[in-house]
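Asks: turn this into a model:
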Amino acid sequence: MEVLNLLPDDVIEARRRRRLWGARGVTAGAALALSLAALGATALARSGAARELSRELTRREEARSHTQELARLESWIESAGRRSRLAEALIGGPSAAGLVAEVVVAVPRGVTLSLVQLDRGKAASWEVRGSAPTPSEVAAFLGRLAASPSLRDADLELTERAQTAGVSMQRFQVTGAFPPEGAAP
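Replies: Residues are numbered from 1 along each chain as shown. Purely as a prediction, here's the structure:
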C-alpha cells in the first residue's frame, strides 16, 4: 500500500530529520544519564576509599604514638630498675621500689593489677591482686614472678571467674616472700 503525501518534499524531509534527531536525542540523553550515574558512583566509591585510607592513616598514627609511649615507659622502668639496684647495693638488700618495679615488669599484656602490697616485717612477704582475661595470662604472670630473684615463693592463693562490666575476667591473688632488709636475694 502506497501512502499519498501532499506535503512538499522539504517539509517531509524536515519531519524525518526531527524524528531522527529526536530518537538520537533520547538515546544520547539516556547515555548521558548513564554516564553521569557511573561518574557519581565512581566518585562516591573514591570518596569512600579516601575516608577508609584516612581512617587507616589515623589508626597507624595512633599506633605509632602508643609505641613511642610504650618505649618511653619501658625506658623509665629500666631506669627505675637501675636506681633500685643502686639502692639495693647501698642498703644491702632489695628496696621497696625495686620490689614493686619487679612486680610491674612481670605483668604480661592483658593483666591488670589492683593491689601490690609489701610487708617488710618479720614475715617479709608480698601480695598482688589483679585480673586477667584468661587463666593462661595468670599463669604467665605467676611464672614471671617466680623467675624473679627478689620475689621468692610466688604462690597462687586465689583464682576465680568474675563478671566485670559484662566482661568475663579471671581474678587472682598471688603471695610470696622476699629477702628481708640487708639480705642478698
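Asks: which residues of this structure score low on pLDDT?
Replies: 1, 3, 5, 20-30, 81, 83-95, 122-123, 152, 178-185 (pLDDT under 70).
Asks: select the longest strand from it.
Replies: strand 152-164 (DSSP state E).
Asks: show residues contacting that strand.
Replies: 131, 135, 138, 142, 145-146, 148, 168-179 (C-beta atoms under 8 Å, 6 or more residues apart in numbering). (Glycine included, C-beta is placed from N, CA and C.)
Asks: what domains does the record give for the protein?
Replies: Following automatic domain parsing, one gets these domains for the chain: 7-91, 94-177.
Asks: could you look up the SS state of the residue nearest the centre of the chain?
Replies: With distances taken as C-alpha atoms, centre = their mean, A63 lies nearest the centre of the chain, 7.6 Å away. Put simply, A63 is helix when judged by DSSP: H, G, I helix; E, B strand; the rest coil.
Asks: and the closest residue to F141 other than its chain neighbours, backbone torsions?
Replies: Distances taken as C-beta to C-beta, 6 or more residues apart in numbering place V111 nearest to F141, at 5.2 Å, with adjacent residues excluded. Torsion angles at V111 (phi, psi; degrees, to the nearest 10) stand at phi -90, psi 140.
Asks: next, the contact list for V111, please.
Replies: Counting by C-beta under 8 Å, 6+ apart, V111 touches 130-132, 137-138, 140-141.
Asks: show me where this protein has helices.
Replies: 9-91, 96-106, 135-147 (DSSP state H).
Asks: buried stuff in stretch 121-137?
Replies: Within stretch 121-137, the residues that qualify as buried by neighbour count (16 or more other C-beta atoms under 10 Å) are 124-126, 128-132, 137.
Asks: just stretch 162-180 next, same as before
Replies: Within stretch 162-180, the residues scored as buried using 16+ other C-beta under 10 Å are 169-176, 178-179.
Asks: relative to E160, how far out is the residue lying closest to M169 once chain neighbours are set aside?
Replies: Once flanking residues are discounted, M169 sits nearest to S131: 4.3 Å by C-beta to C-beta, 6+ apart. Distance of S131 to E160, computed by C-beta to C-beta, to the nearest Å: 10 Å.
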